[in-house]
Structure formats: C-alpha cells, structure tokens
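K.L.:
can't give you the sequence, but here's the structure:
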C-alpha cells in the first residue's frame, strides 16, 4: 500500500514537471515508477505521459511505443483521438506516411473532424509530393477555421511554390506573417512566395528575417542561398 502511494506521488510529480515543460526531469520521474500495483487506468495514464515526454524530446520510436499503448487501452475517446493524431504526426515527420494516413483515416471514420487532422493530412500529402491532395486538405482546414495560421502558411506556400496560384499564395503567406511575425517558417514562406512572384527585393528582405531567426534551418538556408546567388 505504501509502495503504491509512493508510485502515485511519483506519477503526480512527473505530470507536474511535464506541465512545467521540464521534459527530461518529468521523464526520469515517470521511468522510476514501479507500476506493478497500478490499476489499468493508472498504467494508461503513465503510458500517456511517457509517450508525450519522449515526443517532446524527439525520441520518436520510444514515443510510439507508449502512445500505441494508450490507443489500445484507453477508455477515453478524446485521449485516444489526441494520441492517434500525435501518432500520425510522428509517422509523418519520420517519413512513415502510410502509417500516418492509416491513423488519420481511423480518426475520420470515427467521426472526428478537426483542423489538426486536415493540416496533418495536408503535410503528409505534401511530403509525398501529392500537391493537389495537400491543397484540398489545407482548404478543408481553412473551411473549419479561416484564421488558422498553419493552414494559411502551408496552403500559401504550396500555391506559390507549385505555381498554382502565386497571387493567392502570396496573400495567404502575408496574412500568416501578419498574425505571427516572429515565426521563421512563415517568414520563409512569404519570402519564397515573393521570389516566385518575381519580386526578389522583397524576397530577400523576408528571407533574411527568417534566416536571422533560424540560421540552421536547411530550407531557409537553401532559399536564402538561391535568392542571394541569383542577385549576384
């Protein structure tokens, strides 16, 4: 009984540290828990926070292990939804797009519809160079929330980059930057949209701002290099 209370205290402390964004400390506390006396519900709670800690630390394979446990065992629909969406995101960024599409498809068939689902599906399609599908998903995201900056930026970038509608792409990128002027990815998209429109002077200005905020970002560096070299 004493050991179980100790483990419960450790779980609460791990959750507290997680909420303070102290991912490493939270992970160490959670890993030190002896969950042998835990109920199934408590073990699911532990797996949930372990998965999120690993996710925050970019240890994606470890995150998948625990998040999949939550999807299998949790009785809370909203928690299952969140974990499936997180799984899909991990699969996308680790280039396992078919698995990402499987998770997103399960969510859609369960009756869930959200901006996050459509933006994740859009990103998965973009990664696979399925540009028409990506545009459709980001359009659906904006139908649900016309002020969603992620959908604005991504749709604007694709429209400009693929020459589908450079003028609209530029407007969307501009709107995203107006709402989040310190977001390096949005600044990069706006700079690239200006470049695609033929305005290299404006392009250099926005790409330079993006580069100052994220000098090690490979996409921003490539865009910056191209525009600067073209000037020379």
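P.N.:
Alright, I've got the coordinates. Here the structure is a predicted model, which means the values were calculated and not measured.
K.L.:
can we go C-alpha only for contacts and neighbour counts from here?
P.N.:
Fine.
K.L.:
tell me which element the residue nearest to the spatial centre of the chain is part of?
P.N.:
Taking C-alpha atoms, centre = their mean, the centroid of the chain lies closest to residue 89, which sits 5.9 Å from it. Using DSSP states H and E, residue 89 sits in helix 77-93.
K.L.:
Could I get the average pLDDT for that helix?
P.N.:
Across helix 77-93, pLDDT averages out at 86.
K.L.:
Pull out the buried residues from that helix.
P.N.:
Using 16 or more other C-alpha atoms under 10 Å as the test for burial, helix 77-93 gives 80-92.
K.L.:
now the next helix or strand after it against helix 77-93, angle please.
P.N.:
Under the assignment DSSP H and E, the closest C-terminal helix or strand after helix 77-93 is helix 97-109. Relative orientation of helix 97-109 versus helix 77-93 (axes from the mean of the first three to the mean of the last three C-alpha atoms, to 10 degrees): 150 degrees.
K.L.:
so how far is helix 97-109 off the chain centroid?
P.N.:
The chain centroid and the centroid of helix 97-109 are separated by 15 Å under C-alpha atoms, centre = their mean, to the nearest Å.
K.L.:
and if you look at stretch 26-44?
P.N.:
So, by C-alpha atoms, centre = their mean, the centroid of stretch 26-44 is 27 Å from its chain's centroid.
K.L.:
correct me, but residue 118 touches residue 137?
P.N.:
Yes: Residue 118 lies in contact with residue 137 (C-alpha atoms under 8 Å); the separation is 5.2 Å.
K.L.:
about what we covered before: pipe the buried residues of helix 77-93 into TSV and attach distance to residue 34 per row.
P.N.:
Converted to TSV, these look like this (distance: C-alpha to C-alpha, whole Å):
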residue	distance to residue 34
80	24
81	27
82	26
83	23
84	26
85	29
86	26
87	26
88	30
89	30
90	28
91	30
92	33
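K.L.:
Kindly indicate whether residue 216 is helix, strand or coil.
P.N.:
Under DSSP: H, G, I helix; E, B strand; the rest coil, residue 216 falls in the coil class.
K.L.:
what's the neighbour count on it?
P.N.:
Residues lying near residue 216 (other C-alpha atoms under 10 Å) number 10.
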